[in-house]
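Colleague: Model the structure of this input:
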Amino acid sequence: MPFYHQLGKIPPKRHTQFRKEDGTLHYEQLFGTIGFVGMSSLLYHLHRPTMVKRVGQSIDVRPQAAVENNLLSRKLEGFQVKPNEDYLKSRVPVLFNSDVTILLSAPSKSMAEDAFYKNSDGDEVVFVHEGAGTLHTMLGQIPFSAGDYLVIPRGIIHRFAFDSSANRLFITESAHPVYSPKRYRNHFGQLLEHSPYCERDLRPPSKLETHDALGSFTIRIKKQGQLHDYVYASHPFDVVGWDGYHFPYALSIHDFEPITGRVHQPPPVHQTFETDAFVICSFVPRMYDYHPQSIPAPYNHSNIDSDEVLYYVEGDFMSRTGIDRGYISLHPAGIPHGPHPGTYEGSIGKTKTEELAVMVDTFRPLQVTAQALAIEHSDYHSSWLEPGMNPED
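Modeller: Reported below is the predicted structural model:
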């Protein structure tokens, strides 16, 4: 994230001696992106972060396509994904391409205190639909609750601790760095006045946990679609201090301020995060359009260049029928979609909405997994027919 943050103890000058109380040196680590020209942070460890004891088994976790060339609008019932005590096993891929994987997760148990995960393939944006807890990372702790986006850059060692067994997560795994939209920032990186959120809304790690421990510590590392077990000789959370621009953070969807207008505004006003290959948008409670002849429901539109995924969180999504919490709709590129019959006319005169949803628009077509087909409502593509029309005619 393009703002500076510091936590714990650091030396006054980078790349200089930083000694412990016993006179020995701390171990400095540059944790950065895009070679040496992207955002980075400097970390100071009690022990060398390079002490690998052994490498264990690897398993293939790449999503598999059941439908490679999809041209159907689809509806998935996300809450049909069953809870799983193992956080990593609970992550169920439903849609993917070479840029992004969309997963549903219902972890019913916290990760063990000696269980750690690092995604070296991509950044993750974890939307917390249900549940609360603490994200423990090598850079500190981030408490979270329902409605939070947890942005976890690639390479961050972390573990999830949940307050209860009732958790539902919508996870976007990105092969590209995840940023705030460029149009919201000035050339220094500061969020501008027209941005729907600002730096005050972003919650970086607030409490550093430092473990001075040697032994055998397994980190599950995802790289090139494989999950590897790496055993290190020191605890991965042994950082005494760090500073920089590269770190995880939380943003609540409830802190996203909607942008409205006299007539219906296009989806980019809901944009929350961006990459080179897709965007993430937040639909939040807001006042409807206030032109005297406005139609609050969206106009029919064609995604000529992008697939549209909507994850429904709360409230009544006024342009859809047959939608409930945790449902996902997929509208593929090139196929027009819009309000369901009756909702276009029915929106006239309404003044506000309490809907809450997360949208992912991808610039390359998405493939559909077998896990997605298992929770699909297969007749969704014909749900725009007028009452009385027979899809078989």
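
Colleague: now R220: how far from L227?
Modeller: Here R220 is placed at a distance of 6 Å from L227 (C-beta to C-beta, to the nearest Å). Placement of C-beta: from N, CA and C, glycine included.

Colleague: what's the answer for I335, then?
Modeller: Using C-beta to C-beta, I335 is found at 35 Å from L227.

Colleague: circling back: R220 and L227: who's more crowded?
Modeller: R220 (20 against 17; other C-beta atoms under 10 Å).

Colleague: how about that one, what does it touch?
Modeller: By C-beta atoms under 8 Å, 6 or more residues apart in numbering, the contact set of R220 is 88, 115-118, 227-230.

Colleague: The stretch 251-393 of the chain: helices as residue ranges?
Modeller: Here the stretch 251-393 of the chain has its helices, by DSSP state H, counting those that start in this stretch, at 343-346, 370-373.

Colleague: and what of the stretch 1-150 of the chain?
Modeller: Using DSSP H, counting those that start in this stretch, helices in the stretch 1-150 of the chain cover 87-90.

Colleague: Residue ranges in it under the pLDDT threshold?
Modeller: Of all residues in the stretch 1-150 of the chain, those with pLDDT under 70 make up the ranges 1.

Colleague: Pop the domain breakdown of the chain in here.
Modeller: 5-69+81-252, 254-381 (automatic domain parsing).

Colleague: Make TSV from these and add distance to G388 to it.
Modeller: Listed next are the domains of the chain as TSV, based on distance: least, C-beta to C-beta, whole Å:
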stretch	distance to G388
domain 5-69+81-252	30
domain 254-381	10
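
Colleague: between those domains, which one is nearest to P387?
Modeller: Among the domains of the chain, the nearest to P387 by C-beta to C-beta is domain 254-381 (6.7 Å).

Colleague: and the end-to-end length of that closest one?
Modeller: 31 Å (C-alpha to C-alpha, to the nearest Å).

Colleague: and it, average pLDDT?
Modeller: Confidence for domain 254-381, expressed as mean pLDDT, is 92.

Colleague: Check stretch 239-250 too.
Modeller: 97.

Colleague: what's the spacing between the residue nearest the centre of the chain and V151?
Modeller: When C-alpha atoms, centre = their mean is applied to the chain, the residue found nearest the centroid is V125 (1.7 Å). Using C-beta to C-beta, V125 is found at 5 Å from V151.

Colleague: what do you get for P107?
Modeller: As judged by C-beta to C-beta, P107 and V151 stand 18 Å apart.

Colleague: Next up, the contacts around the nearest residue to L150 once chain neighbours are set aside.
Modeller: Excluding its sequence neighbours, the residue lying closest to L150 (C-beta to C-beta, 6 or more residues apart in numbering) is V126, at 4.2 Å. Contacts of V126 were listed using C-beta under 8 Å, 6+ apart, and they are 149-150, 152, 169-171.

Colleague: and the residue lying closest to V55 once chain neighbours are set aside, how many neighbours?
Modeller: The spatially closest residue to V55, leaving aside those adjacent along the chain, is Y230, at 5.7 Å (C-beta to C-beta, 6+ apart). Neighbourhood size, Y230 [other C-beta under 10 Å]: 18.

Colleague: quick one: the strand or helix carrying Y230 to chain centroid distance?
Modeller: Assigned by DSSP states H and E, Y230 belongs to strand 226-234. Offset of strand 226-234 from its chain centre (C-alpha atoms, centre = their mean, to the nearest Å): 24 Å.

Colleague: What are the boundaries of the strands in the stretch 1-150 of the chain?
Modeller: 5-8, 27-32, 40-45, 52-60, 65-67, 74-77, 92-96, 100-105, 116-119, 123-130, 133-137, 140-144, 148-152 (DSSP state E, counting those that start in this stretch).

Colleague: In the sheet, which strands lie alongside the fourth one, parallel or antiparallel?
Modeller: Spelled out, that is strand 52-60. If you go by DSSP bridges, strand 52-60 pairs up with strand 226-234 (antiparallel).
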